[in-house]
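In: Fold the following and give me the result.
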Amino acid sequence: MGKFIDFIIDYNPDPKVMGKQIITNITVNRLRANKPCIIFIGGDSGEGKSCAGLKIISAVNDYYGIDSLETLNDTVVYLPIQYLTKLDNVLFWKRKDRRDLKDLHVLMIDEAREVVRARDWYTFLNRAISDCNAMSRKIKPMVLIVVSQFIKDIDSAIRYTLTFYAECMRPLTGRTRVNFERIWKNTYDLERPRLCKRPLVGYIKYEHTQSKFYPRFEANMPDRELFKKYDEENFRAKSTILRKRIEETIHKMNRDIGTVFNKVEDLVKYYSTNPGQLQLIIDPRYKKFRIRKEFKDMHEITRTEQIEFEKRLHEKLTSMGLLDRGGDLS
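Out: Here you go, the predicted model:
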């Protein structure tokens, strides 16, 4: 495979199988050549970025015979504070006596913008990518998946180390569309090198011939048990920090305004003015607007207060145009 050919796979009549073959091909071939593979997955909140990341994790782990469900919490970094520990476990599995991580070659940094200040998130992402590049070349080649909304979360110099760029878009009905592209450096003008991207391209081999192929990806939901475990761990990791920030904001609002503390009303006010954090409290198992059952424990409110909160927030988001009458996020 050359600079502008990304994969060569055998034909399979099942497009899901071929899609998985392509992902395995473009990631594992770099690892076998002792090269890191860094994938940036971007897109707006709720577009299916983390689900796309989980599908890539499953494809790489299946190749190495790793159980994605068993190693999920070693693979996914839910909060920046977990990064060094999990990277250390994967790279130095012998020293940590973690033989189950010997063949683990993938790590995903899940988006934590909703619980981390923008400046801290920017600093963390750039440091994490730099560390992965340096350490994986010397110790163990890795696939690093970075999930964030904006490519500008990564410094312009660090972007040159990215291998692939994927952007997710989930329509109101149907599967998430993933626009997967190869990043390359245009050094024609040495004084002004440019970072470029192009569509993935490869060859499909048939019995007596082969043809060039430009894949277009649609990501269905990951394995149900895998997503359920991811969703629970993600909520558990981020809810404590989010709750503390919300409580601090609510108390500050009450001090500034001088009103009596009304928890339900203030929670509605907070979430309606911070719509980016709605994905953390909305139950993804339902098609319509529904708040997680764990929400009442997170904020120490009664079931009755949660029902009232859900009703008021629904009315508020609908009036703001963020929720349609049927209960779907706009």
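
In: what sits against residue 37?
Out: 26-27, 30-31, 141-144, 163-164 (CB atoms under 8 Å, 6 or more residues apart in numbering). Where you see a C-beta, it was placed from the backbone N, CA and C, and this is true even at glycine.

In: Format the residues you listed as CSV; extra columns: pLDDT, neighbour count and secondary structure.
Out: Putting those into CSV (pLDDT from 0 to 100; neighbours: other CB atoms under 10 Å; DSSP: H, G, I helix; E, B strand; the rest coil) gives the following:
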residue, pLDDT, neighbour count, secondary structure
26, 95, 25, helix
27, 95, 23, helix
30, 92, 18, helix
31, 92, 20, helix
141, 89, 17, coil
142, 91, 24, coil
143, 94, 27, strand
144, 93, 24, strand
163, 94, 18, coil
164, 96, 23, strand
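
In: can you tell me which of the residues you listed lies nearest to residue 91?
Out: Among the contacts of residue 37, residue 142 lies closest to residue 91 (CB to CB), at 7.9 Å.

In: Look up how far residue 242 lies from that closest one.
Out: Relative to residue 242, residue 142 is positioned 29 Å away (CB to CB, to the nearest Å).

In: Residue 74 too?
Out: As for residue 74, its distance to residue 242 is 23 Å (criterion: CB to CB).

In: ok, now residue 226?
Out: Using CB to CB, one obtains 23 Å as the distance from residue 226 to residue 242.

In: Residue 206: what's it in contact with?
Out: residue 11.

In: same thing but at 10 Å, please
Out: 10-11 (CB atoms under 10 Å, 6 or more residues apart in numbering).

In: Numbering from 55 from now on, please.
Out: Shifting the count to begin at 55 puts that one at residue 260.

In: Tell me how far it lies from residue 58.
Out: Separation of residue 260 from residue 58 (CB to CB): 21 Å.

In: thinking again about what came up before, I'd like the contacts of residue 91 laid out as TSV, including distance to residue 345.
Out: Listed next are the contacts of residue 91 as TSV, based on distance: CB to CB, whole Å:
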residue	distance to residue 345
80	39
81	37
84	42
85	41
195	42
196	37
197	35
198	33
217	38
218	36
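
In: Of these, just say which sits nearest to residue 322.
Out: Ranked by distance to residue 322 (CB to CB), the contacts of residue 91 are led by residue 198 at 38.3 Å.

In: Tell me the bridge partners for that closest one.
Out: Applying DSSP bridges to residue 198 gives these bridge partners: residue 92, residue 161.

In: Then residue 377?
Out: Where residue 377 sits in a bridge, its partners, by DSSP bridges, are residue 383.

In: Just give the number of residues close to it.
Out: Residue 377 has 21 neighbouring residues, counting by other CB atoms under 10 Å.

In: now stretch 338-350: how far from the chain's centre is it?
Out: 20 Å (CA atoms, centre = their mean, to the nearest Å).

In: Which positions within that stretch qualify as buried?
Out: Buried residues in stretch 338-350, counted by 16 or more other CB atoms under 10 Å: 343, 345-346, 349-350.

In: Over to stretch 61-77?
Out: Using 16+ other CB under 10 Å as the test for burial, stretch 61-77 gives 61-63, 72-77.

In: Which ones among those residues lie within helices?
Out: Among the buried residues of stretch 61-77, the residues falling in helices (DSSP state H) are 72-77.

In: now for the longest strand along the chain, which elements pack on it?
Out: Longest strand in the chain, counting residues (DSSP state E): strand 230-240. Identification of packing neighbours for strand 230-240 by 3 or more CB pairs under 10 Å, 6 or more residues apart in numbering; DSSP states H and E yields helix 69-86, strand 91-96, helix 103-118, strand 218-223, strand 248-253, strand 271-273.

In: Tell me the strands beside the fourth one, with direction?
Out: Strands flanking strand 218-223 in the sheet, each with its direction: strand 91-96 (parallel), strand 230-240 (antiparallel) (DSSP bridges).

In: the inter-axis angle of the longest one versus strand 248-253?
Out: So the one you mean is strand 230-240. If you take axes from the mean of the first three to the mean of the last three CA atoms, to 10 degrees, strand 230-240 sits at 140 degrees to strand 248-253.

In: Neighbours of the spatially closest residue to residue 98 that is not a sequence neighbour, how many?
Out: Closest residue to residue 98 apart from its sequence neighbours, by CB to CB, 6 or more residues apart in numbering: residue 203 at 6.4 Å. Residue neighbour count, defined by other CB under 10 Å, stands at 17 for residue 203.

In: What of residue 199?
Out: 29.

In: who's in contact with it?
Out: Contacts of residue 199 (CB under 10 Å, 6+ apart): 81, 91-95, 103-104, 106-108, 110-111, 114, 129-131, 160-164, 218, 220.

In: any idea how far the nearest residue to it once chain neighbours are set aside lies from residue 218?
Out: Distances taken as CB to CB, 6+ apart put residue 162 closest to residue 199, at 4.1 Å, once the chain neighbours are dropped. Computed as CB to CB, the residue 162 to residue 218 distance reads 14 Å.

In: what about the closest residue in space to residue 362 that isn't next to it in sequence, which helix or strand?
Out: What sits nearest to residue 362 in space, not counting adjacent residues and going by CB to CB, 6+ apart, is residue 318, at 5.4 Å. Residue 318 belongs to helix 317-327 when elements are defined using DSSP states H and E.
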